[in-house]
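Participant: Next come a sequence and a model predicted from it.
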Amino acid sequence: QVQLVESGGGLVQPGGSLRLSCAASGIPLNYYTIGWFRQAPGNKREGVLCISSSDTIIYYATSVKGRFTISRDNAKATVFLQMNSLEPEDTAVYYCARTHWENCPPQSALSAYTSWGQGTQVTVSS
């Protein structure tokens, strides 16, 4: 069974940056479509960004455009979420997830993500 593991969360001041990592035990993530999601207290989980198996990037959350980017390090079989200019509204537990789709699923098909990590807490506060 695939286990995804997120790391890199923490406490950061508004305007700061964090880089989250997503790795997997058992398989390399090099050629899979991977999405990043987040869930704030009292809110539903929402999609943030996706990188497809061919490295096409899709933004699910328009609020992060220009601030967040997603990338893949094939040598390390790791997917990263670079978060800049963080705002208190970005506070959430962040999850990575894998889908068997070759392309990023649309917003209407986020149930296509079937393997999830346990999440890493990101808190943006002064």
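Facilitator: That came through, no problem.

Participant: Give the bridge partners for the closest residue to residue 7 other than its chain neighbours, please.
Facilitator: Counting by CB to CB, 6 or more residues apart in numbering, residue 21 is the residue found nearest to residue 7 once chain neighbours are left out, at 5.0 Å. C-beta: built from backbone N, CA, C; applies to glycine. With beta bridges defined as DSSP bridges, residue 21 has these partners: residue 7, residue 80.

Participant: Report the buried residues of the helix or strand containing residue 34.
Facilitator: Residue 34 is part of strand 33-39 when elements are defined by DSSP states H and E. Buried residues in strand 33-39, counted by 16 or more other CB atoms under 10 Å: 33, 34, 35, 36, 37, 38.

Participant: quick one: which of these is nearest residue 69?
Facilitator: Closest approach to residue 69 among the buried residues of strand 33-39 (CB to CB): residue 36, at 10.5 Å.

Participant: if I look at the closest residue to residue 40 other than its chain neighbours, how far off is residue 114?
Facilitator: The shortest distance from residue 40 to any non-neighbouring residue, by CB to CB, 6+ apart, is to residue 92 (4.2 Å). Distance of residue 92 to residue 114, given as CB to CB, to the nearest Å: 21 Å.

Participant: and what of residue 30?
Facilitator: As judged by CB to CB, residue 30 and residue 114 stand 18 Å apart.

Participant: which of those two has more neighbours?
Facilitator: Ranked by neighbour count (other CB atoms under 10 Å), residue 30 and residue 114 place residue 30 first, with 14 against 11.
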